[in-house]
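Trainee: let me see the structure of the following:
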Amino acid sequence: MRWVRRVLWIGALAAVLVGGWLFAAGNDGPVRVQYLVGETLDLALWKALLGAFAAGALLVGAFTVLAAMRHGLVQRRYRKLITGLESEVHQLRNLPLAADSDAAGRSRLTDVVPVSGPGRDA
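Mentor: Residues are numbered from 1 along each chain as shown. Just a heads-up that it's a prediction; the model follows:
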C-alpha cells in the first residue's frame, strides 16, 4: 500500500511540474507591470502571474495567521475562565453542610402559617 501512495505522489509532482512548464511556455510574452512604487519592463507574463499569485497567497496567509492567533487568545481566555469556575465548584462542593434546625424531621411546609384575608376562607 505504501508503494501505491509513493507512486501517486510522484505522479502528482510530475503533473505539477509538467503543467508549470506548459504554463510558462504558453505565457512567455513580455508585459509591463505597474505597481505602487514603480514599473518594470519586459517581464515574462508567467513570472508576473506567479508573483501576483505569491503576493495574494502571502496576504491571505498573513490574515489567516492573525485570525488563528486571535482565536488562540480567546480560547486561552475561556480555558482560564473554565479553570477558575471548576475550582470554585470544587471549593463549593467541599464546604460543610449547614446544620438543619429541623432535627425532628418535620416538613418545613407545615411551619407555614396560612394567610387569611378578604375573600379567603380562614
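
Trainee: when you work out contacts or count neighbours from here on, use the C-alpha atoms and nothing else.
Mentor: Noted.

Trainee: which stretches of this structure have low pLDDT?
Mentor: Residue ranges of the chain with pLDDT under 70: 99-122.

Trainee: ok, now with 50
Mentor: Low-confidence segments of the chain (pLDDT under 50): none present.

Trainee: how close does the residue nearest the centre of it get to A14?
Mentor: Nearest to the geometric centre of the chain sits H71, at 5.1 Å (Cα atoms, centre = their mean). Distance, H71 to A14, using Cα to Cα, to the nearest Å: 38 Å.

Trainee: same check, this time on L58
Mentor: From L58 to A14 the distance is 25 Å (Cα to Cα).

Trainee: same check on L97?
Mentor: 73 Å.

Trainee: who's more crowded, these two?
Mentor: A14 (12 against 7; other Cα atoms under 10 Å).

Trainee: how about stretch 12-28: buried residues?
Mentor: Within stretch 12-28, the residues that qualify as buried are A24, counting by 16 or more other Cα atoms under 10 Å.

Trainee: dump it to PDB, keeping only the CA atoms.
Mentor: Provided in PDB are the C-alpha atoms of stretch 12-28 (Å, rounded to 0.1, in the frame of the first residue of the first chain):
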ATOM      1  CA  ALA A  12       1.200  14.300  -8.800                       C
ATOM      2  CA  LEU A  13       4.600  16.000  -8.600                       C
ATOM      3  CA  ALA A  14       5.300  15.200 -12.200                       C
ATOM      4  CA  ALA A  15       1.900  16.500 -13.200                       C
ATOM      5  CA  VAL A  16       2.500  19.800 -11.400                       C
ATOM      6  CA  LEU A  17       6.000  20.200 -13.000                       C
ATOM      7  CA  VAL A  18       4.800  19.400 -16.500                       C
ATOM      8  CA  GLY A  19       1.800  21.800 -16.000                       C
ATOM      9  CA  GLY A  20       4.100  24.500 -14.800                       C
ATOM     10  CA  TRP A  21       6.400  24.000 -17.700                       C
ATOM     11  CA  LEU A  22       3.500  24.200 -20.200                       C
ATOM     12  CA  PHE A  23       2.100  27.300 -18.500                       C
ATOM     13  CA  ALA A  24       5.500  29.000 -18.700                       C
ATOM     14  CA  ALA A  25       5.900  28.100 -22.300                       C
ATOM     15  CA  GLY A  26       2.400  29.300 -23.300                       C
ATOM     16  CA  ASN A  27       2.700  32.600 -21.400                       C
ATOM     17  CA  ASP A  28       6.200  33.700 -22.300                       C
END
